[in-house]
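Trainee: no sequence on this one, just coordinates:
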């Protein structure tokens, strides 16, 4: 990258200091995509609303986050990365504190929208800053720190949110961002600087904002997020609301493609998605986001519902995997300078698929370490995908498109996460009904096997002190509970099979990537 186009960097500042600060900000933003999920019952109780109404706390954040991602590339170029990053961080921090002091659901939703708008611009700009702060041979290690923040944050979110809600108050799920955000703002202001050449290049930038394109893309992504997040609760197309949202989503998508392709300076360069290299990276990041968010949300749910884990222990199931992820991020950061990204990504996808296959063997007698082990295996696989896919996505991208590439890759991660959560939710709901109906067909009251089971269970409850009538009722209820439990296990097996297939689908995409020049970083940095 020439000096005329080089964006804000740290000047003489140690790049690792910059990496730590921007990774801290990215960690804080990604954390907020999951930390509020477990606090929803507390939010509903505290504000006197239903849990269904409270779930809009998550939806509004995701929608506004997607909208902000769309405009982040243009605004970073127009204002400068340092200025734009500080504005986003200030908005995110202030709105987080306001969320903590919200006095009604309406005020909380308004502040969550502002929080999502601030957060949406932070992660792609942090990624761009790292790409230009580190020398080419160290860029993989810089992305490792960034990747650790983005991958570990969704794991920490449910555990931290549950602990704060249980022991202090749900308000602190948001208030905790206040001091952390202020610290990050001070450090960013001190450490980051914009070179005179970059400031002059920004002033010479003759690029108009594609307002119509922005409205179309934001409408498409926002409507898609609402559909994915609310679809199951609102019975999908059985709901007039979801039908209307789907029509808006489809219309925006149809109008968006020709409009963006015909613009000289589109808000989203669709041509990048059409290239084999970046298009494959985009799809792999979609799959990665789906696996990361879906497993992070549903594995704790599984152990809480079927194994009686507390919220704290459900979070601890994810913790060993988080430790492995942190270690692997730095290992992969070094490997990325020695091994082709395509092979690292393919290996990571296979390992992630093995982790999902491991979870298809779920049954009632499993212990803590079975789930921790599968999560640790995923903790090995995801970093092998995450860091190389970021590096590969910049390969061949012109210097002026770096911010756009960062925004699109983060759109893929966010949207993939929403798709993964929605997909698994629907698989669990529909397959549990299917398995339960199949199992009920085999429960025949007149059969000898059923009668023998009822007699044995009745004797057990009589031995516990129940009368004959009570014991018979308890036996029938116990059989019904066992049937429901088995149907749930079978549904989770199906869900993990689906996630395994998504992981494997990333392998041919990874192998289709071209070979990069090792140790020189993405071409966009030259």
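Mentor: Perfect, I can see it now. Computed from a predicted model, the values in this text were never measured in an experiment.

Trainee: got a list of contacts for the helix or strand hosting residue 449?
Mentor: Following DSSP states H and E, the helix or strand that holds residue 449 is helix 448-463. Helix 448-463 is contacted by residues 443, 444, 445, 468, 470, 471, 472, 474, 475, 476, 478, 479 when judged by CB atoms under 8 Å, 6 or more residues apart in numbering. All C-beta spots, glycine's among them, are computed from the backbone N, C-alpha and C.

Trainee: Phi first, then psi, for residue 293.
Mentor: Residue 293 adopts backbone torsions of phi -70, psi -40, taken as degrees, to the nearest 10.

Trainee: Validate this expectation: residue 255 resides in a helix.
Mentor: Yes: under DSSP: H, G, I helix; E, B strand; the rest coil, residue 255 falls within a helix.

Trainee: which residues of the stretch 251-400 of the chain score low on pLDDT?
Mentor: Scanning the stretch 251-400 of the chain for pLDDT under 70 picks out the ranges 311-312, 364, 399-400.

Trainee: which residues in it form helices?
Mentor: Secondary structure of the stretch 251-400 of the chain (DSSP state H, counting those that start in this stretch): helices at 270-274, 276-307, 311-335, 341-359, 368-394.

Trainee: just the angle between the second one and helix 341-359, please?
Mentor: Relative orientation of helix 276-307 and helix 341-359, computed by axes from the mean of the first three to the mean of the last three CA atoms, to 10 degrees: 20 degrees.

Trainee: What is the distance between helix 276-307 and the centre of its chain?
Mentor: Centroid separation for helix 276-307 versus its chain: 7 Å, with CA atoms, centre = their mean, to the nearest Å.

Trainee: Pull out the buried residues from it.
Mentor: If you call a residue buried by 16 or more other CB atoms under 10 Å, then helix 276-307 has these buried ones: 277-278, 280-304, 306-307.

Trainee: picking up where we left off before, possible to save the helices of the stretch 251-400 of the chain as TSV with distance to residue 246?
Mentor: Below are the helices of the stretch 251-400 of the chain laid out as TSV (distance: least, CB to CB, whole Å):
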stretch	distance to residue 246
helix 270-274	22
helix 276-307	20
helix 311-335	33
helix 341-359	29
helix 368-394	30
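
Trainee: and of those, who's closest to residue 483?
Mentor: Of all these, it is helix 276-307 that lies closest to residue 483, at 13.4 Å by CB to CB.

Trainee: helices and strands around the closest one, which ones?
Mentor: With contacts defined as 3 or more CB pairs under 8 Å, 6 or more residues apart in numbering; DSSP states H and E, helix 276-307 has these neighbours: helix 139-167, helix 270-274, helix 311-335, helix 341-359, helix 368-394, helix 402-441, helix 468-511.

Trainee: can you state the direction angle for that helix and helix 311-335?
Mentor: Counting by the same axes, to 10 degrees, helix 276-307 lies at 150 degrees to helix 311-335.

Trainee: tell me the angle of helix 276-307 relative to helix 139-167?
Mentor: If you take the same axes, to 10 degrees, helix 276-307 sits at 30 degrees to helix 139-167.

Trainee: shouldn't residue 389 be in contact with residue 288?
Mentor: Yes: under the criterion of CB atoms under 8 Å, residue 389 makes contact with residue 288 at 7.0 Å.

Trainee: Take the helices and strands packed on helix 276-307 and write them to CSV, including distance to residue 104 and mean neighbour count.
Mentor: Converted to CSV, these look like this (distance: least, CB to CB, whole Å; neighbours: other CB atoms under 10 Å):
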stretch, distance to residue 104, mean neighbour count
helix 139-167, 19, 23
helix 270-274, 41, 15
helix 311-335, 26, 20
helix 341-359, 40, 23
helix 368-394, 38, 25
helix 402-441, 26, 20
helix 468-511, 36, 18
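
Trainee: Next up, the contacts around residue 30.
Mentor: By CB under 8 Å, 6+ apart, the contact set of residue 30 is 123, 149, 150, 153, 154, 157.

Trainee: Sort out which one of the residues you listed lies nearest residue 511 for me.
Mentor: For these, the closest approach to residue 511 (CB to CB) belongs to residue 150, at 24.2 Å.

Trainee: burial of residue 172, as a residue count?
Mentor: Applying other CB atoms under 10 Å, we find 18 other residues in the vicinity of residue 172.

Trainee: out of the helices and strands packed on helix 276-307, nearest to residue 87?
Mentor: The closest of those to residue 87 is helix 402-441. By CB to CB, the value is 14.9 Å.

Trainee: Who are the packing partners of the closest one?
Mentor: Applying 3+ CB pairs under 8 Å, 6+ apart, one finds that helix 402-441 makes contact with helix 56-79, helix 105-133, helix 211-230, helix 270-274, helix 276-307, helix 368-394, helix 468-511.
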